[in-house]
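Chemist: Below are the sequence and a predicted model for it; my questions follow.
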There are 2 protein chains.
Amino acid sequence: MMIQRVTFIGAGNLATQLGKAFRQTGVEIVQVYSRTPESAGMLGTILKTAFTTKTEEIDLSADLVVVAVADDAIEQVLGKLDIRRNLVVHTAGSVSLDVLKKYSDRCGVFYPLQTFSRLREVDFSDIPICLEGCSAAIVTELKELAGRITKSVYEIDSAGRRTLHLAAVFACNFVNHLYYVSDRLLGEQGLPFDLLKPLIRETASKIMDMGPYDAQTGPARRNDEVAMASHLQLLKDQPDRSETYRLLTTRIVQAYKNKVNDIV
Amino acid sequence: MMIQRVTFIGAGNLATQLGKAFRQTGVEIVQVYSRTPESAGMLGTILKTAFTTKTEEIDLSADLVVVAVADDAIEQVLGKLDIRRNLVVHTAGSVSLDVLKKYSDRCGVFYPLQTFSRLREVDFSDIPICLEGCSAAIVTELKELAGRITKSVYEIDSAGRRTLHLAAVFACNFVNHLYYVSDRLLGEQGLPFDLLKPLIRETASKIMDMGPYDAQTGPARRNDEVAMASHLQLLKDQPDRSETYRLLTTRIVQAYKNKVNDIV
């Protein structure tokens, strides 16, 4: 059966962007549920569909129910629904498929590996969608659906997905936080963040070819103690940033210390 | 006087890429010096010019001497040269112009803000070059030279440059290290790093418009304790990665904890 009608439980960044991507390929969004009226209403408006804040009003007539809420809310909301016969997926990196098996016989995972913000348009076409299903038939159905919005579809089990999500936290969430620290450092001295943009672009771009181990540069890689001391001096009244600086510097020094005759 | 002939002291990544950029605009590279014969020879070959490993052989007939060595080596090499009358610049983010004043009356700083690797081609045209000079005339000369290889030329003093270099360490070197951790995490579980590439591209790209504070996503931003506990469980036998995870997670939670009614 081809999935044509989808209900969304959750109205955050991921639900917003995934809902838009589905809608663009002709999938009907039946309804949106969120705990908060603002989120439910906002996404209902964006997707031009019905919305509710009451679990008892959730429309389970859809071909697929997508549960896109925070990890700790998945079971809270599923516990209130009778979805034993529904095809249900969650979208969470770190939540096992087993969690859904308690509530539905027809369950799966539909995990788009990307950082989503509500107001930023994303092109789904190269976003990896990582699938898992409690039967081969469900995997086939989900693959067909995923294939409508991206060319990059993977079947990955719960253990693999959890690792992938953890790696994504390092490569995206933590990276973004470091962008934030650099933005603040410059802003506090009246320097424009624009100065760093070509560097940020190149840093992300060079690993696509070289891989991150060979791409590493900077004082820690070349063990330039004068430069590192100068930086720590600059941070001497900023204990949080000093701690972050020391920790990541130590890690980089360790990663290269056994590399003899390394010319950088 | 227009700078036409340049000698390079140092033959690392930055000297290599800057030398190539100069050469492409018709600047004559007079000579390359490096302590190590491999580096000197390699860059001499790349730039099709003479090279030496002896400080007493350094050709000071050039219009400009570029000192592109590790921070702690700048004074070591300058102490061996009689360059009082030469126009001399260093390329170091964290080293004050004052260091050069001891050795030359005509000194400056020529700091391209980018991550350079020897074997990766870079397009200099949008790389910010941050200049400083010990006179207005020298700043003018350096601006003219910088303007031949990039459209992005800034005059920034030593204090500003030091902050900029520190910010660059966060936004580039530390970021790259996090890419490395994510690469290893996946590799150890047999998952391809390619899965993360669209995420890495989008993470770098979205801050260009949104800025890093609004761009932040992930378990720490939404204080998703179930997801964070799951990640730490996965890292339970990896103390270094756990420490990095805890530290950066704490920072992100702190940065958003006072943001009320935040929908992410």
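Modeler: Cool, got the structure.

Chemist: going forward, measure contacts and count neighbours with C-alpha atoms only.
Modeler: OK.

Chemist: what about the longest helix in chain A?
Modeler: helix A:239-256 (DSSP state H).

Chemist: Using PDB, list the CA coordinates for that one.
Modeler: The C-alpha trace of helix A:239-256 is given here as PDB (Å, rounded to 0.1, in the frame of the first residue of the first chain):
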ATOM      1  CA  PRO A 239      36.700  30.100  33.100                       C
ATOM      2  CA  ASP A 240      34.100  28.400  30.900                       C
ATOM      3  CA  ARG A 241      35.800  29.300  27.600                       C
ATOM      4  CA  SER A 242      39.300  28.500  29.100                       C
ATOM      5  CA  GLU A 243      38.000  25.000  30.100                       C
ATOM      6  CA  THR A 244      36.600  24.400  26.700                       C
ATOM      7  CA  TYR A 245      39.900  25.600  25.100                       C
ATOM      8  CA  ARG A 246      42.000  23.500  27.300                       C
ATOM      9  CA  LEU A 247      40.000  20.300  26.800                       C
ATOM     10  CA  LEU A 248      39.800  20.500  23.000                       C
ATOM     11  CA  THR A 249      43.400  21.500  22.700                       C
ATOM     12  CA  THR A 250      44.500  18.600  24.800                       C
ATOM     13  CA  ARG A 251      42.400  16.200  22.600                       C
ATOM     14  CA  ILE A 252      44.000  17.600  19.400                       C
ATOM     15  CA  VAL A 253      47.500  17.400  20.800                       C
ATOM     16  CA  GLN A 254      46.900  13.800  21.900                       C
ATOM     17  CA  ALA A 255      45.500  12.900  18.500                       C
ATOM     18  CA  TYR A 256      48.700  14.000  16.700                       C
END
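
Chemist: Could I get the buried residue list for that helix?
Modeler: By neighbour count, with 16 or more other C-alpha atoms under 10 Å in any protein chain shown as the criterion, the buried positions of helix A:239-256 are A:241, A:242, A:244, A:245, A:247, A:248, A:249, A:251, A:252, A:253, A:256.

Chemist: So which of those residues reach chain B?
Modeler: Restricting these to those near chain B by C-alpha under 8 Å from any C-alpha of the partner chain leaves A:244, A:245, A:247, A:248, A:249, A:252.

Chemist: got those as JSON lines, with pLDDT columns?
Modeler: Shown next, in JSON lines, are those (pLDDT from 0 to 100):
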{"residue": "A:244", "pLDDT": "98"}
{"residue": "A:245", "pLDDT": "98"}
{"residue": "A:247", "pLDDT": "98"}
{"residue": "A:248", "pLDDT": "98"}
{"residue": "A:249", "pLDDT": "98"}
{"residue": "A:252", "pLDDT": "98"}
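
Chemist: Not counting its neighbours along the chain, what's nearest the residue of the stretch 1-150 of chain A found nearest chain B?
Modeler: Using C-alpha to the nearest C-alpha, the single residue of the stretch 1-150 of chain A nearest to chain B is residue A:114, 5.0 Å away. Once flanking residues are discounted, residue A:114 sits nearest to residue B:199: 5.0 Å by C-alpha to C-alpha, 6 or more residues apart in numbering or on different chains.

Chemist: got the contact list for that neighbour?
Modeler: By C-alpha atoms under 8 Å, 6 or more residues apart in numbering or on different chains, the residues touching residue B:199 are A:113, A:114, A:115, A:127, A:168, A:171, A:172.

Chemist: Hmm, the last one is touching residue B:201, no?
Modeler: This means residue A:172. No: counting by C-alpha atoms under 8 Å, residue A:172 stays clear of residue B:201, with 9.3 Å between them.

Chemist: Name the residue in these two with the higher neighbour count.
Modeler: residue A:172 (28 against 17; other C-alpha atoms under 10 Å in any protein chain shown).

Chemist: Please tell me the pLDDT value assigned to that one.
Modeler: We have a pLDDT of 98 for residue A:172.

Chemist: Quick check: bridge partners of residue A:129?
Modeler: residue A:112, residue A:153 (DSSP bridges).

Chemist: Which pLDDT does the model give it?
Modeler: Reported pLDDT for residue A:129: 98.

Chemist: What of residue A:1?
Modeler: 75.

Chemist: From residue A:89, how far out is the closest residue to it other than its chain neighbours?
Modeler: Distance criterion C-alpha to C-alpha, 6+ apart; nearest residue to residue A:1, sequence neighbours excluded, is residue A:141 at 7.1 Å. Distance, residue A:141 to residue A:89, by C-alpha to C-alpha, to the nearest Å: 12 Å.

Chemist: With neighbour numbers in mind, choose between those two.
Modeler: Set residue A:141 next to residue A:89 and count neighbours by other C-alpha under 10 Å: residue A:89 wins out with 24 against 16.

Chemist: is it fair to say the more buried one lies in a strand?
Modeler: Yes: under DSSP: H, G, I helix; E, B strand; the rest coil, residue A:89 falls within a strand.

Chemist: In the stretch 51-200 of chain A, what residue spans correspond to helices?
Modeler: Using DSSP state H, counting those that start in this stretch, the helices of the stretch 51-200 of chain A run over residues A:74-78, A:98-101, A:136-149, A:158-168, A:175-188, A:197-210.

Chemist: now those helices in JSON lines, with mean pLDDT?
Modeler: Below are the helices of the stretch 51-200 of chain A laid out as JSON lines (pLDDT from 0 to 100):
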{"stretch": "helix A:74-78", "mean pLDDT": "95"}
{"stretch": "helix A:98-101", "mean pLDDT": "97"}
{"stretch": "helix A:136-149", "mean pLDDT": "98"}
{"stretch": "helix A:158-168", "mean pLDDT": "97"}
{"stretch": "helix A:175-188", "mean pLDDT": "98"}
{"stretch": "helix A:197-210", "mean pLDDT": "97"}
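
Chemist: Could you dump those into TSV and include distance to residue B:152?
Modeler: Formatted as TSV, these follow (distance: least, C-alpha to C-alpha, whole Å):
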stretch	distance to residue B:152
helix A:74-78	49
helix A:98-101	53
helix A:136-149	39
helix A:158-168	33
helix A:175-188	17
helix A:197-210	10
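
Chemist: Kind regards, and thank you for your time.
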